[in-house]
Each structure stands twice: as C-alpha cells, then as structure tokens.
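Asker: what's the 3D shape of this:
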Amino acid sequence: MKNLYIVLSFFAISNSIIAQNQDTKIADKLFQRYEYVKAIKEYQKLVDNGKSDSYVFKQLADTYYNMFNTADAVKWYAKATLTPQDAETYFRYAQMLKSTGKYEESNKQMNKFASMVPNDLRAKAFKENPNYVPKLVQGVTYTVTSLPISSDKSDFGAVMYDKTLYFTSARNGSRKNYGGSGEPFLDVYTSIKGDSGTFSEPTPLTSINHKRHDGPVTISTDGNTMYFSSDSFRDGVFEKDKENHLKLGRNNLYVATKAGDAWTNIKPLPFNSKDFSLSNPSLSRDGKTLYFSSNMPGSIGGVDIWKVSVTGSEFGKPENLGAKINTEGNESFPFIADDNTTLYFASTGKPGLGGLDIFKIELAKGAEAVNMGKPLNTENDDFDFTFNKAQNIGFLSSNRNGNDDFFLVTPLCAVDLLVVVTNAKTGAILADAKVAILDSKNNIIATETSNSNGEVNFKIECETPYSIQASKEGFEGNVFAVAKSKGPTAKLPAPLQPIDVIITPTAIILQPIYFDYDKSNITQQGAFELDKLVEVMKSNDKLVIFAKSHTDSRGSDAYNLSLSDRRAQATVQYVISKGIPAERITGKGFGESEPVVPCNPCNEEEYAKNRRSEFLIVK
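Answerer: Take a look at the predicted model:
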C-alpha cells in the first residue's frame with residue numbers, strides 16, 4: 001500500500017505508458033489505473049498464450065516492483081533485461097536483487113545502471129562504495145519488536161504524542177477497496193499506551209477521516225494543531241482521464257485545530273496544487289518548520305523531502321532539502337526529532353539493504369545522511385521511523401513480515417569504542433592496521449583499517465563482552481579484551497610488538513603452531529605466529545624452510561601420520577598464500593613419533609604441546 005502511496009502519489013505519471021499494441025491494451029489500462037492485481041493477470045495471460053515480449057516482461061516486473069513482490073519482480077526483470085532496457089529498469093532490478101539478498105548480482109545491475117547515467121546521484125554513491133553492506137549489519141543499537149495492534153492490512157505512519165499513538169491503516173473492512181492494492185482506503189487511527197506498556201484497541205479518528213485516503217499526521221507540541229495528508233477529492237479537486245475512465249486526484253496537505261475531542265476547521269495548505277502531490281508531514285517541535293514529501297517542480301527525483309517555514313497561520317515558500325538528502329530515486333516519510341535538527345527519512349535512492357531504508361542526517365552540522373543499518377533496516381521496505389524522546393521509544397513501519405506493519409523500537413545502551421593501534425616498543429601510531437571486533441563466541445562482527453591516527457571506531461552494546469584482533473605487516477598480531485562498559489564512550493589501546501624472531505643456524509624459533517584436537521586448519525593463534533615466519537622469509541629471500549608437523553598420541557599410528565601430514569600442508573599453504581614462492585617451503589607430517597613431552601597417558605596440556613609444527617632451515 002505505501003509503495004503506491006509514496007511513489008505513485010495518486011497522480012497521473014507524466015510519462016505514462018502507451019499501450020504497446022492491441023494485445024496489451026487491457027493490461028496497460030489496468031496498470032495506468034494502478035489496479036496492479038488485475039494487470040498482472042492480464043499480462044500473465046499474454047505470457048501463457050505466447051504473446052509476450054520484453055515489453056510485457058518489463059511491465060510484469062514493474063507491476064511486481066510497485067507491489068514490492070521481490071521474487072516475482074526479479075524473475076521478470078531477468079527476462080526483460082535479456083534485451084536492452086532503460087537505465088531505471090536496471091536500477092529497479094538491482095534493488096529487487098538486493099532485497100532478496102543477492103548482493104553480487106545486484107552490483108552487476110548497478111554497474112550497468114551507473115555506466116548509462118554516470119552523473120546520477122545514485123550511480124555516484126554506488127561507485128564510491130559498492131560494497132557497503134557489511135557496515136550496515138554491525139553495531140546493533142535498537143531492538144525491534146512487533147506491535148500486536150498491527151492488522152492483516154497495511155499499517156504505517158505511527159507517531160506518538162504524550163501517550164496517544166496516531167497511525168494510518170487500511171483495516172476498515174467496511175470501506176471501499178482501493179484498486180491499486182485490493183485493500184480498503186486508508187484511515188487515521190489512535191491507540192493509547194497504558195502504564196504497563198500495552199496499547200489500547202485502535203479507534204478511527206472520525207473527525208479527520210473522509211471517504212478516501214487519509215494520513216499520516218503530525219501534531220504541534222501544544223497538541224492543538226494537526227497537519228495531515230489526504231487526497232484532493234476532499235475538496236472536489238481532480239482531473240478526468242476520459243480514455244481510462246479515471247478521476248485522478250493528488251495527495252494534499254491539510255491543517256486542523258482541536259476543539260474538545262474533535263478536530264475541526266480543516267483547511268488545505270496554500271501551496272497545494274492540482275499539478276503535484278504533497279504528503280507525509282512532520283512538524284518541528286518549535287512549530288516553525290513543516291517537513292513533507294512532494295514531487296513538486298524542483299524535485300531531484302520522483303518524490304523528494306521538502307520544508308516550509310510556519311509563522312502562525314502563514315507559510316513561506318517550500319524549499320527542497322537538496323542533494324545531501326534527495327536523489328533521483330524517492331525520498332519520503334520525513335520525521336524531525338525533538339532537537340529540531342535531526343531528520344529521519346526513507347529512501348530508495350541512497351545505498352541501502354533493499355527497498356526503502358531509513359536514514360538519519362544532522363541538519364545543523366551539514367553532515368551526510370547515514371543509513372541506520374540493521375535491525376531498523378532489512379532487505380525489505382523499512383520506512384517512517386519516528387521517536388518519542390519522553391517515552392524513549394520509537395516506531396518503525398516495515399513489510400519485513402510480508403505486510404506493512406509497525407514495530408516498537410527500543411534503544412539499546414550503546415558504547416562508542418575507540419581502538420588505538422600503536423607500536424608497543426616505540427609508542428608510534430600504526431596506520432593501516434587491520435582491526436576486527438569479535439563477539440563473545442569469537443564471531444567476527446566487522447573488520448576495519450586504522451586511520452592516520454591509528455584509530456578505529458566501533459559501536460557496541462553496553463555491559464557486553466567483546467574482543468579486538470589487531471594485526472599489521474611487520475608486527476605480531478594480538479587479541480585485546482574489551483572490558484564491559486556502560487558507556488557512552490570507551491578507549492582501548494592496542495599495542496603491537498614488532499616481529500622479532502630467533503633464528504639459529506638450523507631453525508627458526510617461533511611459538512609452537514598448535515592445532516585443535518583432530519583438526520588441521522590454521523587457528524588465529526597459529527596465523528599470528530606464521531606471519532612472523534612470512535616476515536623472516538620476505539627479509540631473507542634465499543631462505544628455504546622445511547615444516548615438520550606432529551600429532552599427540554591419541555589415534556592410530558596410520559591416522560596420526562595422515563593427520564600430521566594434512567597439518568604440514570595447511571602450514572605450507574598458509575605461508576605460500578602470503579606471497580612466499582612454493583619452492584621455498586615444503587612440509588611433512590611425522591605423526592606421534594617425535595613428542596616434545598613423552599607421556600602415556602598425557603594430560604590435555606601435554607597433548608596440546610605435542611600437536612605442533614616446527615620450522616627447519618634447509619638453506
């Protein structure tokens with residue numbers, strides 16, 4: 001529902017499709033009327049009857065795109081793009097692939113898109129950072145939970161004032177269905193948050209709702225003024241499309257004042273127009289600025305974020321928020337926070353996880369917009385984020401469960417961790433060090449490179465154990481425990497020892513390269529030690545090494561000999577993978593034949609010491 005509400009905005013698209021031929025005429029008319037469910041059936045009939053071509057495939061793909069049916073959109077875009085298409089088709093295909101988690105395939109389509117329109121803001125953002133996804137899944141700072149008052153129809157636009165939640169919903173089954181979605185027209189509802197945290201049964205806001213779409217809303221700090229979206233049919237304003245038997249309205253913005261329990265004196269805003277749409281208002285807490293989305297002239301993309309100054313009942317001239325926020329895609333659902341400077345909004349044009357993603361920008365700082373990452377954003381449509389500072393809770397709309405629902409967002413206690421990598425002997429800053437953060441189960445969450453100040457920043461949960469792995473060529477890698485903290489900030493020094501290896505006439509002495517029981521893979525500890533060997537061999541290009549690997553005494557002689565040989569080969573392969581020529585290192589397994597701790601039976605520590613690799617100098 002919101003896809004139609006945001007992107008189509010109930011206006012006739014200026015470049016409306018023209019029926020390709022007599023066969024597609026019925027389907028094309030349904031598409032133009034936004035009756036997508038019926039349009040799909042007609043286009044599918046053409047496919048089934050052997051009358052399809054790339055045009056029909058593209059129309060099917062675009063129809064599923066508008067309904068955010070990602071799997072079917074991908075299917076038909078794949079067929080459509082077997083022949084050349086316009087740039088926007090490749091962009092949409094990329095978005096649908098991304099929404100199904102196929103990031104590499106998505107990047108291929110984005111590369112095609114970027115090559116066709118290199119000056120497009122979306123193309124530029126992609127080219128600057130094509131592999132941005134890993135950064136969006138780290139540093140969880142919110143919990144997101146379903147709200148039981150969501151229905152099986154579209155619900156979105158949730159915003160709380162005091163303890164009253166206002167939202168927009170298509171749940172009214174007694175209403176006429178809207179052809180674009182097959183769901184009833186949208187109404188505004190309210191629900192009260194009780195002291196226990198539960199929400200009351202939603203009730204329609206009858207003094208605002210009329211016979212077509214209404215909502216979302218925004219309310220002034222004193223609670224006496226409401227701005228809301230509605231369609232222009234409220235004022236009897238529409239255009240007739242005689243060919244398609246349509247009455248085409250716009251989204252408009254209205255203002256109402258509170259009288260007792262009702263909203264009265266409803267008036268259209270003076271900059272509404274029959275030529276474009278305006279929707280999704282958000283009023284700053286000081287009441288001086290109204291933010292909204294619109295496709296009015298001056299928009300960069302299909303729908304942009306705008307603002308207008310408010311002085312009493314007077315309004316200034318609407319201003320586009322510019323390229324730091326808006327793209328050639330669609331930006332909508334602005335929400336201005338209590339500080340009057342932090343703006344949240346949804347975008348299809350900025351780099352995200354798929355569909356609509358939520359972004360945040362600090363307007364006063366002139367900073368770039370930042371993707372809010374997971375779990376606020378997913379591979380599906382995530383939009384309309386609002387936050388109530390007094391209650392310390394937010395609300396999010398998303399179709400991550402298959403339907404537009406709203407979710408409760410609770411901030412987690414977070415710590416901004418600053419890691420500083422230095423030379424342990426000299427104290428010198430180490431730039432370009434590889435720094436990874438791991439959870440309590442040693443899963444790598446993210447990997448970064450230290451900046452010119454030797455610094456890396458991570459956002460972590462309060463009172464939660466983490467560890468940091470740091471490494472740099474020429475230095476011994478090391479692991480550093482992150483102390484539990486309540487934040488808001490923490491600093492972790494990460495000094496690395498320069499590699500200093502003992503070299504005898506016959507051997508290179510390292511710490512033993514230990515293996516896990518019955519395993520032959522190189523462990524993290526083993527990699528740190530082998531990196532020292534690699535440095536020595538790079539510094540002495542004539543050095544040739546023989547690696548000997550051993551097992552403990554558990555297992556048969558034959559099995560242990562085979563296991564130790566696998567360990568030797570794993571050791572050799574690791575060194576070769578670091579750029580050492582294969583002819584400079586060989587290896588062999590010796591099973592349990594040369595224990596450093598003769599014992600029978602052995603304890604676990606003794607067994608571990610016997611599972612090792614050693615390095616002899618051949619020449």
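Asker: Just say helix, strand or coil for Y344.
Answerer: strand (DSSP: H, G, I helix; E, B strand; the rest coil).
Asker: Correct me if wrong: it contacts F359.
Answerer: Yes. Using Cβ atoms under 8 Å as the test, Y344 is close enough to F359 to be in contact (7.1 Å). Where you see a C-beta, it was placed from the backbone N, CA and C, and this is true even at glycine.
Asker: okay, and the common contacts of the two?
Answerer: Taking Cβ atoms under 8 Å, 6 or more residues apart in numbering as the contact rule, Y344 and F359 both touch M372.
Asker: Identify all residues paired with T264 through a beta bridge.
Answerer: Beta bridges link T264 to T257, judged by DSSP bridges.
Asker: pLDDT at D516, what is it?
Answerer: Predicted confidence (pLDDT) for D516: 69.
Asker: what do you get for H245?
Answerer: 63.
Asker: go on, V133?
Answerer: 69.
Asker: With N119 instead?
Answerer: N119 is given a pLDDT of 90.
Asker: before we move on, what about D28?
Answerer: Confidence for D28, expressed as pLDDT, is 87.
Asker: How about V7?
Answerer: V7 carries a pLDDT value of 41.
Asker: for T70, same thing?
Answerer: So, for T70, pLDDT stands at 84.
Asker: K98 is in contact with that one, correct?
Answerer: No. With contact defined as Cβ under 8 Å, T70 does not count as touching K98 (9.1 Å).
Asker: which neighbours do those two share?
Answerer: G354, E379.
Asker: Tell me the buried residues in the helix or strand containing T145?
Answerer: Following DSSP states H and E, one finds T145 within strand 142-146. Residues of strand 142-146 classed as buried: Y142, V144 (neighbour count, 16 or more other Cβ atoms under 10 Å).
Asker: Whatever helix or strand comes next after it pairs with which strands, and in what direction?
Answerer: Downstream of strand 142-146, the next assigned helix or strand under DSSP H and E is strand 155-161. The pairing partners recorded for strand 155-161 under DSSP bridges are strand 164-169 (antiparallel).
Asker: got the buried residues for the strand it pairs with?
Answerer: Under the neighbour-count criterion of 16+ other Cβ under 10 Å, strand 164-169 has L165, Y166, F167, T168, S169 buried.
Asker: Repeat that for stretch 85-99.
Answerer: Neighbour-count burial for stretch 85-99 [16+ other Cβ under 10 Å]: 85, 87-99.
Asker: was I right about K153 contacting F167?
Answerer: No. If you go by Cβ under 8 Å, K153 and F167 don't touch, sitting 11.9 Å apart.
Asker: Tell me where the model's unsure across the stretch 1-150 of the chain.
Answerer: 1-20, 133-140 (pLDDT under 70).
Asker: which stretches of it form helices?
Answerer: Here the stretch 1-150 of the chain has its helices, by DSSP state H, counting those that start in this stretch, at 2-3, 25-32, 36-48, 54-66, 70-80, 87-99, 103-116, 121-128, 133-136.
Asker: Same check on the stretch 401-550 of the chain?
Answerer: 524-539.
Asker: can you give me the strands for it?
Answerer: 405-411, 414-423, 434-438, 444-449, 455-461, 466-471, 478-482, 489-496, 502-503, 508-509, 545-549 (DSSP state E, counting those that start in this stretch).
Asker: okay, now M116: neighbour count?
Answerer: Under the neighbour criterion other Cβ atoms under 10 Å, M116 is assigned a count of 17.
Asker: Format the buried residues of strand 164-169 as TSV; extra columns: pLDDT and distance to V117.
Answerer: Compiled in TSV, the buried residues of strand 164-169 are given as follows (pLDDT from 0 to 100; distance: Cβ to Cβ, whole Å):
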residue	pLDDT	distance to V117
L165	95	41
Y166	95	39
F167	93	37
T168	93	34
S169	91	38
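Asker: give me the element Y574 is part of.
Answerer: helix 557-577.
Asker: Just the angle for the helix or strand just after that helix relative to helix 557-577, thanks.
Answerer: Using DSSP H and E, the helix or strand that follows helix 557-577 towards the C-terminus is strand 585-589. Calculated by axes from the mean of the first three to the mean of the last three Cα atoms, to 10 degrees, strand 585-589 forms an angle of 160 degrees with helix 557-577.
Asker: sec struct for the nearest residue to F387 once chain neighbours are set aside, please.
Answerer: Counting by Cβ to Cβ, 6 or more residues apart in numbering, G394 is the residue found nearest to F387 once chain neighbours are left out, at 4.0 Å. Under the three-state scheme (three-state DSSP), G394 adopts strand.
Asker: do E592 as well
Answerer: coil.
Asker: That one and S549 touch, don't they?
Answerer: No. Using Cβ under 8 Å as the test, E592 is too far from S549 to be in contact (11.3 Å).
Asker: any residues in contact with both of those two?
Answerer: S564.
Asker: And the two? Which one has more around it.
Answerer: Neighbour tally, E592 and S549, criterion other Cβ under 10 Å: the higher count belongs to S549, 26 against 20.
Asker: ok, that one to I508 distance?
Answerer: Relative to I508, S549 is positioned 15 Å away (Cβ to Cβ, to the nearest Å).
Asker: do K25 as well
Answerer: 79 Å.
Asker: Could you check which of the two is surrounded by more residues?
Answerer: Neighbour totals were compared for K25 and I508, and I508 leads with 19 against 13 (other Cβ under 10 Å).
Asker: can you redo the strands of the stretch 401-550 of the chain as JSON lines with distance to K324?
Answerer: Formatted as JSON lines, those follow (distance: least, Cβ to Cβ, whole Å):
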{"stretch": "strand 405-411", "distance to K324": "24"}
{"stretch": "strand 414-423", "distance to K324": "23"}
{"stretch": "strand 434-438", "distance to K324": "29"}
{"stretch": "strand 444-449", "distance to K324": "24"}
{"stretch": "strand 455-461", "distance to K324": "22"}
{"stretch": "strand 466-471", "distance to K324": "33"}
{"stretch": "strand 478-482", "distance to K324": "34"}
{"stretch": "strand 489-496", "distance to K324": "27"}
{"stretch": "strand 502-503", "distance to K324": "56"}
{"stretch": "strand 508-509", "distance to K324": "55"}
{"stretch": "strand 545-549", "distance to K324": "55"}
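Asker: Next one: the residue nearest to the spatial centre of the chain from V56, what distance?
Answerer: In the chain, the residue lying closest to the centroid (Cα atoms, centre = their mean) is L353, at 3.6 Å. Distance of L353 to V56, computed by Cβ to Cβ: 30 Å.
Asker: repeat for P601
Answerer: With Cβ to Cβ as the criterion, P601 and V56 are 74 Å apart.
Asker: which of these two has more neighbours?
Answerer: Set side by side, P601 and V56 show more neighbours around V56, with 24 against 8, by other Cβ under 10 Å.
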